[in-house]
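Novice: sequence first, predicted coordinates after that:
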Amino acid sequence: MNARIDRALAGNVGGIVGCAVLAIALVPTLGSDYVVAFGFQFVTWIALALSWSLFSGNSGYASFGHGVFFGVGTYATAAMLRHTDVPFVVVLVVAGVSAAVLAVIVGLAVFSSPRFAGDLFGLITLAMAFIVITVVSNLAFLDGGTGVFVREQAVGSWIGSSTGNLFIVGTLIAAGTALVALAASVSRWGAALRSIRDDEGVAESLGVPTYRYKVLTFAVSAGLAGLAGAPQAIFLGYVEVGAVFTLNIPLLVIMMTILGGITRWWGPLVGAASVVVVRELLLDIGSPELSQIILGAVFVLVIALLPHGISGSLPRSLTRRKAPATEGAHR
Amino acid sequence: MSVSSMALAQTLLNGALLGCLFGSIALGLSVKWGHLGVADFFHLSLTLLGAYVTYSLVSEQLWDPFLTLVVTVPAFFLIGVGVQWIFLALKAEAFTALLITFALFMVTESAVSMIWSPDLLNLRPMLADSFTTSLRLPEPLPQLAVQPVDLLALVCAVVMVGVSAFALGRTRSGRAVQAMRQDSEIAQTLGVRVVPLTLAVSGLAASTAAVAGMVVALRMPLSPSLPLQWIGAVVVATMLGGLGRPVGALVAAIVVMMIQNAWSLWFPPQWSPAVAFGVLFLFLAGGPAIRFVRESMTARRLA
């Protein structure tokens, strides 16, 4: 049994690393500008969906705040580039850490009482979004309400020189997130989180330190979203509160995860891929409102028809051939 | 900065009256969340939709604003029944229902912007003077003024909240709703017809959005993103007032809006959107403290 898990695990890790290396080697050199830009958004959404699912999918605490952590990473990057001269790696770290710190503060408060579970947790994370929006748009250091031009700040550095480099960073972040998601699916840590989803009271009475696990995982999930926000700031070129903190982001991320399914670690990945492609196709309609309406309707249909998502609806035999590891990992 | 007592009184009065409007929006949310277990974002969208339909009927068909209720109230009742029927058919859990209403929220914003345009639409220039001339308060406080529309908001809020509170607390069906909230299976065994009752409550909650929407159309310029500005005050009022308590929601909305308005007298007004949530966090954080005090007082009384 153990040997099977290990072999399957090695296969999965190899798959993630291999895909990332291939993408980094091929896309920036061979792809057109459009393909690279699309690829960057693609890997960013994958990182967001996988990191959301890491906490919310595993623990069952659905957060509407993932867009905030992503946005905090974006704004931290914009501020660092504007006010300092540090290398991009440092900026990246600061972006991830700021989002994680925010999550720790919120998590410590919210998870301290069992009252804030279920839809109340969702609403509190939504409230966090409104508070962060107000703070960011009123602090001149971050934004002050006028928006921040990032592109010219990044001119001359490696990261600002081409979208291909952004794609490389984005792919590395997505691959890192996938490895964390994979780790959560096979480790004690992930099992503890899933026990919280199944029955928190029972998990606690069996000795799972639920508070610690929830706060830590919430922070890791937020930190990964913050990391993904860093290249996004440079990709956007101009960051502005309304666009960065739009409620579409958490909605899309939740939709991707539900569509892909949370019963396998790669579910959100499939979901992110499907939603990104559908959104790209909808762009051709030419009306952002209409595509939003279609997307919302598809979302309702997905919830109604595929409650376990794509990955959860595939027959077991098919998933075994496609991804041998997940069978062993998920018992 | 010193503020004259009259300015403060006027600000608080405006806040209280705006609170009445938010209270009537919060009423539907509170009833659906408290009694049906659905935190219904779509209720805010319905209010917006009600406002836009009122706008069209008044500005294009030249209807009297009150006459529009004849159309919107029954139509919204049906929409409320329909949405709840979907939840029942899907056997949706609380979070699934929340997600669906959230998706409908985004869909409505886009749909409204497609049908009516994303620009601001203002009904006020088309209204009779009796709607727009502000009134002075009677003798003891002649310096204070109110808008007739705000008085209308007050009347609508008091009537709707009063009727809901009476119906929930005093009538047979209201007690059935309360029983259903406590334990739906036992209530069903004891003869409560859960499905029709659930559908009816959802429909009635949605009809209140039609009335609130009419007041919104008369009160402020319309834009598709208005519900996003309301979420804060409405959700906070719903939670502060206690889920499922109409009077609580109205009182909380009035208090929150008074605080928010007073805040902008002394502090930068651009921070005021965060005030409502600040109040909520203080309340949630204070919850354990309040409980501690109450328990120790009970203990002292018993001893």
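Specialist: Yep, that arrived.
Novice: how about the residue of the stretch 1-150 of chain A found nearest chain B: what's its closest non-neighbour residue?
Specialist: Closest contact between the stretch 1-150 of chain A and chain B, by CB to the nearest CB, is at residue A:134 (4.1 Å). In this view, the C-beta of every residue, glycine as well, is placed from N, C-alpha and C. Spatial nearest neighbour of residue A:134, chain neighbours left out: residue B:274 (4.1 Å); criterion: CB to CB, 6 or more residues apart in numbering or on different chains.
Novice: check which helix or strand covers the one you found.
Specialist: Using DSSP states H and E, residue B:274 maps to helix B:273-302.
Novice: residues contacting the residue nearest to residue A:134?
Specialist: Neighbour list for residue B:274: A:130-131, A:134-135 [criterion: CB atoms under 8 Å, 6 or more residues apart in numbering or on different chains].
Novice: just those residues now: which is nearest residue A:154?
Specialist: residue A:135 (24.3 Å; CB to CB).
Novice: give the contact list for residue 203.
Specialist: Just going to use chain A. Counted by CB under 8 Å, 6+ apart, residue A:203 has contacts A:192, A:195-196, A:210.
Novice: um, chain B though
Specialist: Contacts of residue B:203 (CB under 8 Å, 6+ apart): B:76-78, B:80-81, B:84.
Novice: ok, now residue A:44?
Specialist: Applying CB under 8 Å, 6+ apart to residue A:44 gives the contacts A:170, A:173-174, A:228, A:231-232, A:235.
Novice: rewinding a little: and which of the contacts of residue B:203 is nearest chain A?
Specialist: For the contacts of residue B:203, the nearest to chain A is residue B:84 (14.3 Å; CB to the nearest CB).
Novice: and for that closest one, the neighbour number?
Specialist: Look at residue B:84: counted by other CB atoms under 10 Å in any protein chain shown, it has 25 neighbours.
Novice: got a list of contacts for whichever strand or helix holds the residue of the stretch 1-150 of chain A closest to chain B?
Specialist: Following DSSP H and E, the helix or strand that holds residue A:134 is helix A:118-138. For helix A:118-138, contacts defined as CB under 8 Å, 6+ apart pick out A:61-65, A:67-68, A:71-72, A:75, A:102, A:106, A:110, A:116, A:142-145, A:241, A:245, A:247, A:250, B:39, B:94-95, B:98, B:231-232, B:235-236, B:239, B:268, B:270-271, B:273-274, B:277-278, B:280-281.
Novice: mind checking what helix or strand follows the helix or strand that contains residue B:47 in sequence?
Specialist: Using DSSP H and E, residue B:47 falls within helix B:42-59. Counting by DSSP H and E, the next helix or strand C-terminal to helix B:42-59 is helix B:68-90.
Novice: quick one, that next one and helix B:42-59 angle?
Specialist: For helix B:68-90 against helix B:42-59, the angle between stretch directions is 150 degrees (axes from the mean of the first three to the mean of the last three CA atoms, to 10 degrees).
Novice: show the average pLDDT along helix B:68-90.
Specialist: What helix B:68-90 shows for mean pLDDT is 92.
Novice: just how off-centre is that helix within its chain?
Specialist: 17 Å (CA atoms, centre = their mean, to the nearest Å).
Novice: how about the helix or strand following that helix: buried residues?
Specialist: Downstream of helix B:68-90, the first helix or strand assigned by DSSP H and E is helix B:94-116. Neighbour-count burial for helix B:94-116, counted by 16 or more other CB atoms under 10 Å in any protein chain shown, picks out B:94-114, B:116.
Novice: next one: stretch B:120-139
Specialist: Using 16+ other CB under 10 Å as the test for burial, stretch B:120-139 gives B:121, B:123, B:127, B:131.
Novice: turn those residues into JSON lines, columns for secondary structure, distance to chain A and pLDDT.
Specialist: Formatted as JSON lines, the buried residues of stretch B:120-139 follow (DSSP: H, G, I helix; E, B strand; the rest coil; distance: CB to the nearest CB, whole Å; pLDDT from 0 to 100):
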{"residue": "B:121", "secondary structure": "strand", "distance to chain A": "16", "pLDDT": "88"}
{"residue": "B:123", "secondary structure": "coil", "distance to chain A": "22", "pLDDT": "84"}
{"residue": "B:127", "secondary structure": "coil", "distance to chain A": "29", "pLDDT": "78"}
{"residue": "B:131", "secondary structure": "helix", "distance to chain A": "31", "pLDDT": "74"}
